[in-house]
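A.B. asks: Test case, fold it:
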Amino acid sequence: QVHLVESGGGLVQPGGSLRLSCAASGSIFSINVLGWFRQAPGKQRELVAVITSGGSTNYADSVKGRFIISRDDAKNTVYLQMNSLKPEDTAVYYCTSHNPKAPAGTWWQLATYNYWGQGTQVTVSS
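C.D. replies: Model (predicted):
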């Protein structure tokens, strides 16, 4: 069992920045891939960024060059630094861990993530 708790969401003006944090606890020794997804009203949940235990990262095209995912294994925490925020970034952001039993290379598939945080709201508006 893995427990994930997000923090750091809020209201920010376009062009601003926010940093999300996700604290992990429980059976975290089995986690290789941690990620952030987001879901806007009326839309499907979508991948934002993922990071492996080795530090490899992948990003959605819509956030490349603006968002940075990182992890601090000493603190069991993963971060999402969001810069140059746009109104279309408005969504609930979820921290998640990839199922270690899922086939290799499936990190982009929503269904292969088995633990989720409660979500944190990010609103980009003037």
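
A.B. asks: what's across from the residue nearest to the spatial centre of the chain in the sheet?
C.D. replies: Centroid check for the chain by Cα atoms, centre = their mean gives residue 36 as the closest residue, at 1.5 Å. Residues found in beta-bridge contact with residue 36 (criterion: DSSP bridges) are residue 49, residue 95.

A.B. asks: residues near residue 108, how many?
C.D. replies: 11 (other Cβ atoms under 10 Å). Just so you know, the C-beta spots here come from the backbone N, C-alpha and C atoms, and that holds for glycine as well.

A.B. asks: so it touches residue 59, yeah?
C.D. replies: No: the pair formed by residue 108 and residue 59 falls short of the contact definition of Cβ atoms under 8 Å, at 11.0 Å.

A.B. asks: I'd say the residue nearest to the centre of the chain and residue 21 touch.
C.D. replies: No: counting by Cβ under 8 Å, no contact exists between residue 36 and residue 21, whose distance comes to 10.7 Å.

A.B. asks: Between these two, which contacts overlap?
C.D. replies: Taking Cβ atoms under 8 Å, 6 or more residues apart in numbering as the contact rule, the neighbours common to residue 36 and residue 21 are residue 78.
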